[in-house]
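*Asks:* A structural model of the following input is requested.
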Amino acid sequence: MPKGTSCSGISTKRFRVSLAIQSADRGGDFEVAPRIRSSDDERYAEVARVLDGDSTGVVTLAMSPGTLLIFEGRHSLHRVSPIHGRRLRHVGLLAYDTRRGQWEAISCEWTVTDDRAFDEPPSQWPA
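*Replies:* Modelled structure (predicted):
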């Protein structure tokens, strides 16, 4: 998971559900270092190692339409691999938290990989 290639992070949610709706032309795979942290140990050195590009222990899962993925977001470092091509990747995200009233903002770095990339979502989706 090299730095600066896409959105990566650790969720504050107990678990997260992703439902793949549409794949990009290339890329958009789900990459995760499962349970790299625990409630008792943040394991900063291990997280830094993965963020610096060491893929030991990182699992890559293709997200084709219909894929339902459930993972432990709070203790797992995860990201989406860089997306290439004209077709946008669509995924529905659901999350669960035991604390009432919690929400999480998601901020990602969009990587330009083609002749057509968006700084922000377009006002009209391509056909």
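
*Asks:* let me see the ranges of the helices in this protein.
*Replies:* Secondary structure of the chain (DSSP state H): helices at 44-51.

*Asks:* any regions of it where pLDDT drops low?
*Replies:* Within the chain, the ranges that satisfy pLDDT under 70 run 1-14, 102-127.

*Asks:* just the strands in it please.
*Replies:* 8-10, 15-22, 26-27, 30-33, 59-61, 68-71, 77-80, 83-84, 90-96 (DSSP state E).

*Asks:* kindly reformat those strands as CSV containing distance to Ala48 and mean neighbour count.
*Replies:* Every C-beta, even on glycine, is put in place using the N, C-alpha and C of the backbone. Below are the strands of the chain laid out as CSV (distance: least, CB to CB, whole Å; neighbours: other CB atoms under 10 Å):
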stretch, distance to Ala48, mean neighbour count
strand 8-10, 12, 17
strand 15-22, 22, 17
strand 26-27, 24, 16
strand 30-33, 12, 21
strand 59-61, 19, 12
strand 68-71, 21, 14
strand 77-80, 10, 22
strand 83-84, 25, 18
strand 90-96, 25, 14
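
*Asks:* mind putting those strands into CSV with distance to Leu51?
*Replies:* Below are those laid out as CSV (distance: least, CB to CB, whole Å):
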stretch, distance to Leu51
strand 8-10, 7
strand 15-22, 19
strand 26-27, 19
strand 30-33, 9
strand 59-61, 16
strand 68-71, 18
strand 77-80, 8
strand 83-84, 19
strand 90-96, 22
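
*Asks:* for Arg49, which of these is the nearest?
*Replies:* In terms of CB to CB, the element of the strands of the chain nearest to Arg49 is strand 30-33, at 9.3 Å.

*Asks:* now for the closest one, which elements pack on it?
*Replies:* Judged by 3 or more CB pairs under 8 Å, 6 or more residues apart in numbering; DSSP states H and E, strand 30-33 is in contact with helix 44-51, strand 59-61, strand 77-80.

*Asks:* 7 Å - rerun?
*Replies:* In terms of contact count using 3 or more CB pairs under 7 Å, 6 or more residues apart in numbering; DSSP states H and E, strand 30-33 is assigned the packing partners strand 59-61, strand 77-80.

*Asks:* fine by me, we can end here.
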